[in-house]
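Trainee: got a predicted structure plus its sequence, pasted below:
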Amino acid sequence: MSSHILDQTDRDIISLLQQDARLSSKEIAAKLRKRPTTIFARFNKLKALGYLKGSIMLIDREKVGMLMAVFINIQLNDHHAEALYEFQRDIKAYSEVMECYHTTGQVDFVIKVVVQDMLAYKDFLVQNLSKMQNVKAYTSHFVINEIKRELAYPLDNLV
């Protein structure tokens, strides 16, 4: 990515799109009191620079039967670069894994797994995670209640 510095209009466009990716250039222009052609050009520039990547519609996981969300802390046996890359490559293949973070501290990775129920979670552990040769240990943390789920990044303090 280039060294493009986001100005207030760029940040405002990104903020609005994080709230509703379906907004048209015309709708954004009206909210920001700018010309639609200006917003359209800015949108294309932000996309070309890699600030905007795709757009998705969020669904309610409970309404589609994915009732169980679990965060799993994972420790690896081998921490050499190739072993880390192999784990990352392999974990991406599982559709149950919604998020994966390489972390510091006592665990190497934290993953978020979403499944239908405890049986599906057991299957994920037995058929997938426990078969990964480099996994030393894992600890599961079951989500009881989702208090806050924010996917929009705060842009207020950007330079």
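Mentor: Arrived safely, thanks for sending.
Trainee: all helices for the protein, in order.
Mentor: 8-19, 25-32, 36-48, 81-92, 118-127 (DSSP state H).
Trainee: redo the ones you listed as a markdown table? Include distance to Tyr138 and mean neighbour count.
Mentor: For every residue, glycine as well, the C-beta is placed using N, CA and C. Formatted as a markdown table, the helices of the chain follow (distance: least, Cβ to Cβ, whole Å; neighbours: other Cβ atoms under 10 Å):
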| stretch | distance to Tyr138 | mean neighbour count |
| --- | --- | --- |
| helix 8-19 | 32 | 16 |
| helix 25-32 | 44 | 16 |
| helix 36-48 | 38 | 15 |
| helix 81-92 | 11 | 13 |
| helix 118-127 | 8 | 14 |
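Trainee: Asn134 is nearest to which of the ones you listed?
Mentor: helix 81-92 (5.3 Å; Cβ to Cβ).
Trainee: show me the contact partners of that closest one.
Mentor: Leu76, Asn77, Val97, Cys100, His102, Asp108, Phe109, Ile111, Met132, Asn134, Val135 (Cβ atoms under 8 Å, 6 or more residues apart in numbering).
Trainee: quick one: contacts for the residue most central in space within the chain?
Mentor: By Cα atoms, centre = their mean, the chain has its centre lying nearest to Glu99, at 5.9 Å. By Cβ under 8 Å, 6+ apart, the contact list for Glu99 reads Ile111, Lys112.
Trainee: that one and Lys34: what is the separation?
Mentor: Note on Glu99: its distance to Lys34, by Cβ to Cβ, to the nearest Å, is 35 Å.
Trainee: over to Val126?
Mentor: 55 Å.
Trainee: next: Lys92.
Mentor: Counting by Cβ to Cβ - Lys92 and Lys34 are separated by 39 Å.
Trainee: try Ile13
Mentor: Taking Cβ to Cβ, one finds Ile13 at 9 Å from Lys34.
Trainee: need the overlap of contacts for those two.
Mentor: Ile28.
Trainee: re the thing from before, which ones among the contacts of helix 81-92 map onto strands?
Mentor: Counted as lying in strands by DSSP state E, out of those, are Leu76, Val97, Cys100, His102, Phe109, Ile111, Val135.
Trainee: burial of the closest residue to the second one other than its chain neighbours, as a residue count?
Mentor: If I follow you right, that is Val97. The shortest distance from Val97 to any non-neighbouring residue, by Cβ to Cβ, 6 or more residues apart in numbering, is to Ile111 (5.2 Å). Counted with other Cβ atoms under 10 Å, residues neighbouring Ile111 total 19.
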